[in-house]
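Q: okay, sequence plus prediction incoming.
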Amino acid sequence: MKNKAILIIFVILIIILVLYLSTILPSNQPNNETEILAQNLDTPWAIDFLPDDKIIFTERGGRVSIIDNGTIKSIGNISVIEMGESGLLGIAVDPEFNENKFVYLYYTTQNGNRVSRFVLNEKLENETILIGNIPSGNIHNGGRIKFGPDGKLYITTGEAGSRPLAQNINSTGGKILRINKDDTVPSDNPFGNYVYSYGLRDPQGITWNPLTKEMYASEHGPTRYDEINIIEKGGNYGWPDYQGDASPEDYIKPLVFYTDFTLAPSGIAYYNGALYVAGLRGSQLRKIILAADGKSVIGEEALFTNLGRIREVIEHDGYLYISTSNHDGRGIPQSGDDKIIRIKL
């Protein structure tokens, strides 16, 4: 009886250890080193890096924070409208941050989505609105902002549930926008306004191949038909008239589209010949292996499939940084959610 009791205690201790490890390590991970950098967050939406390698990130409810030596420091609380998919979304650090201290945010107000520039000292201050009145709603707000290789600021916008906006080149909804840092229109934009490409439903991720400067974007489709597109200046990507490869010649067909499951792609990052796509409904980090020319796909796999909804992925110095989004109203929060996790490639 004594030996049986000892065995039972031993088994219980093993179970407790396994449960503990499951709360601190991502399950079903591939053979990569991982580290949880922040947890107990509320829908972290976008991540960027300051020049000193500190992480700066947004949470959809309006908080902007920095991870500094393992400590989370709040540097701003933006007054936002958080309903459905709206709220505080994208963030971008100015490439000349050391000189100007500029940080850019995309967020929802009572008068639509806007992109504003802030000065970061100890806190975010001195807001300058660059673009306002971008169509907003409970759904399809886009929200990703990033600086491209050309130094211009690129902005993804959704059509906010009003489908015709995507084909209207005079609307900022359902587009990828391109602006100068001083909010002026770049002289080589295709339509003489902020619009760079159009016919998009709800693009939530953009990235570039640093060698070829090829631009890729992820887009939410309607009940599947999620797309990964190669973005061309002036390109029409078909929404709401066409989906997938049904597009005629004057519309640009996607690099990848999904009909057998819903990925709901959000953030997207390029690294070493592959795209890494954060999947919300798909609950995965999807790796898309590209051919040498970057214009076709030679393989795919799903990574980190037990973390729930993955919202963001970026690459920095040979690491991937992802965020979970299980507190966004559509997920099932796990212990410690939401998290920011670093992955060694």
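A: Structure received. Numbering: from 1, shown residues only.

Q: now name the helix or strand holding Phe118.
A: strand 112-120 (DSSP states H and E).

Q: which helices and strands sit right next to that strand?
A: strand 102-109, strand 124-134 (3 or more CB pairs under 8 Å, 6 or more residues apart in numbering; DSSP states H and E). Glycine gets a C-beta too; all of them are placed from N, C-alpha and C.

Q: other residues contacting the last one?
A: Spelled out, it's strand 124-134. The contact list for strand 124-134 (CB atoms under 8 Å, 6 or more residues apart in numbering) reads 64, 75-76, 78, 103-105, 109, 111-119, 142, 153, 155, 157, 172-173, 177, 179, 183, 194.

Q: let's see 7 Å
A: 64, 75-76, 103, 111-119, 157, 172-173, 179, 183, 194 (CB atoms under 7 Å, 6 or more residues apart in numbering).

Q: so who does the nearest residue in space to Arg144 that is not next to it in sequence touch?
A: Excluding its sequence neighbours, the residue lying closest to Arg144 (CB to CB, 6 or more residues apart in numbering) is Thr156, at 4.4 Å. Contacts for Thr156 (CB under 7 Å, 6+ apart) come out as Gly142, Gly143, Arg144, Ile176, Pro203, Gln204, Ile206, Ala217.

Q: and which of those is nearest Ser86?
A: Ranked by distance to Ser86 (CB to CB), the contacts of Thr156 are led by Gly143 at 8.7 Å.

Q: leaving out sequence neighbours, find the closest residue to that closest one.
A: Leu89 (3.0 Å).

Q: for the one you found, list the residues it contacts.
A: Trp45, Ala46, Thr58, Tyr106, Tyr107, Asn141, Gly143.

Q: for the second one, which residues make a bridge with it?
A: The residues listed as beta-bridge partners of Ala46 by DSSP bridges are Thr58.

Q: so for it, what's the pLDDT?
A: Per-residue pLDDT puts Ala46 at 98.

Q: that older thread, who wins on neighbours among the contacts of Leu89?
A: Gly143 (32 neighbours; other CB atoms under 10 Å).

Q: how close does the residue nearest to the spatial centre of the chain sit to Tyr216?
A: Nearest to the mean C-alpha position of the chain, by CA atoms, centre = their mean, lies Gly267 at 2.6 Å. Distance of Gly267 to Tyr216, computed by CB to CB, to the nearest Å: 12 Å.
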